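In: compute the structure for the input listed below.
(one chain, ligands or ions: 1)
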Amino acid sequence: MADDRLIVALDVHTMMDVKILVDKLGDSVSYYKVGMELFYSIGERVVVYLKQQNKKVFLDLKLCDIPNTVAGGLTSLMNLGADMMNIHAFGGLAMMKKAAESVRKAAEKANKKPPKLIAVTVLTSISEEEWKEMGHNTSVEEQVIIFAKLAKKAGLDGVVASPKEAAAIRSAVGEDFLIVTPGVRPKGASVDDQNRIATPAGALKNGATHLVVGRPVRAAEDPKLAAEEIIKEMSEVK
Ligand code: C5P
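Out: Next up, the predicted model:
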């Protein structure tokens, strides 16, 4: 029924809205993304609640700081029991290495399975023009590949990327690497403010392992049906 490859973005602000959506989606959705808006609004109780409901949690807080601080931050977050967390590749190889090591050590100490740790490459909101303006000589796509390779070298489990970048990343880093893609729109769904989109099947065919979907499910007249249709489309891609 549910498919762990579908992660529904909980872009709401209150515990009540979380409960209403999780309730509506019931058994059809097993994985949720908690981002900074929600986490900064209501804090860790949202993760505790989702775990009590036997859901998986991607804690999307995009940490970026010096290695020691990111490692400490992740160690603190480990207590919450999220299944996936993320950091910015922009923090560099040493930071990513230390982050991966801190998660492994904290999991070992707690005798728990370590959560997946993935890296944000180049934010999809940054245009080629803006990227150049920041002083870079590489193209955005080249940089995404450089970051994905560094993330792998650092021992991370994968990256967050646009579905349009997934194929190039997959061929650069090989099979054993998560590619988590937002910007997914089923055929006929509103594009909203997303630019580089793909359908659920298209994103998987490009090499994505997980799809982050927000509005196409949340804002649908029948969110459960919308999620089930996405899962059906996903099941056709192995
Ligand atoms: O509603 P929609 O499906 O566009 O939501 C996508 C989710 O993925 C949102 O939570 C958004 O913040 C997140 N995201 C994104 N693009 C990125 C990184 C994260 O859309 N590059």
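In: OK, contacts around the residue of the chain found nearest the ligand?
Out: The chain approaches the ligand most closely through Gly214 (2.5 Å), counting by CB to the nearest ligand atom. Placement of C-beta: from N, CA and C, glycine included. With CB atoms under 8 Å, 6 or more residues apart in numbering as the criterion, the residues that contact Gly214 are 8-9, 11, 182.
In: what does Glu128 give?
Out: Glu128 neighbours (CB under 8 Å, 6+ apart): 139-140.
In: rerun that using 6 Å as the cut-off
Out: Counting by CB atoms under 6 Å, 6 or more residues apart in numbering, Glu128 touches Val140.
In: isn't Gln143 right up against Val122?
Out: Yes: with contact defined as CB atoms under 6 Å, Gln143 reaches Val122; the gap is 5.4 Å.
In: what about those two, which has more around it?
Out: Each of Gln143 and Val122 has its neighbours counted (other CB atoms under 10 Å); Val122 has more, 23 against 18.
In: what's the helix or strand for that one?
Out: Using DSSP states H and E, Val122 maps to neither a helix nor a strand.
In: residues touching it, list them.
Out: Contacts for Val122 (CB under 6 Å, 6+ apart) come out as 140, 143-144.
In: get me the contact residues on the protein for the ligand.
Out: 9, 11, 35, 123-124, 160, 182-183, 192, 194, 212-216 (CB under 6 Å from any ligand atom).
In: number of residues surrounding the nearest residue to Asn54 once chain neighbours are set aside?
Out: Spatial nearest neighbour of Asn54, chain neighbours left out: Ser30 (8.0 Å); criterion: CB to CB, 6 or more residues apart in numbering. A total of 19 residues lie near Ser30 under the criterion other CB under 10 Å.
In: surely Ser30 meets Ala2?
Out: Yes: look at Ser30 against Ala2 with CB under 6 Å: they come within range, at 3.8 Å.
In: my read: Lys51 touches Ala82, true?
Out: No: with contact defined as CB under 6 Å, Lys51 and Ala82 do not form a contacting pair (8.4 Å).
In: between those two, tell me which one has more neighbours.
Out: Ala82 (22 against 15).
In: for the more buried one, helix, strand, or coil?
Out: Under DSSP: H, G, I helix; E, B strand; the rest coil, the three-state class of Ala82 is coil.
In: contacting residues for it?
Out: 47, 57, 59, 115.
In: nearest residue to it in space, please, no chain neighbours.
Out: Nearest residue to Ala82, sequence neighbours excluded (CB to CB, 6+ apart): Leu59, at 3.9 Å.
In: report the distance from stretch 173-180 to the chain centre.
Out: Stretch 173-180 has its C-alpha centroid displaced from the chain centroid by 13 Å (CA atoms, centre = their mean, to the nearest Å).
In: try stretch 212-219
Out: That offset, for stretch 212-219, works out to 14 Å (CA atoms, centre = their mean).
In: cool, and stretch 137-157?
Out: Worked out by CA atoms, centre = their mean, stretch 137-157 lies 16 Å from the chain centre.
In: export it as CSV, just CAs?
Out: The C-alpha coordinates for stretch 137-157 follow below in CSV (Å, rounded to 0.1, in the frame of the first residue of the first chain):
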residue,chain,number,x,y,z
ASN,A,137,33.3,29.6,-12.7
THR,A,138,31.6,26.2,-12.9
SER,A,139,28.0,25.8,-14.2
VAL,A,140,25.3,24.9,-11.7
GLU,A,141,25.1,21.4,-13.1
GLU,A,142,28.9,20.9,-12.9
GLN,A,143,28.8,22.1,-9.3
VAL,A,144,26.0,19.7,-8.4
ILE,A,145,28.0,16.8,-9.7
ILE,A,146,31.1,18.0,-7.8
PHE,A,147,29.1,18.3,-4.6
ALA,A,148,27.5,14.8,-5.2
LYS,A,149,30.9,13.2,-5.6
LEU,A,150,32.2,15.0,-2.5
ALA,A,151,29.2,13.9,-0.5
LYS,A,152,29.8,10.3,-1.5
LYS,A,153,33.5,10.6,-0.7
ALA,A,154,32.6,12.0,2.8
GLY,A,155,30.6,8.9,3.5
LEU,A,156,27.1,10.5,3.2
ASP,A,157,24.2,8.4,2.0
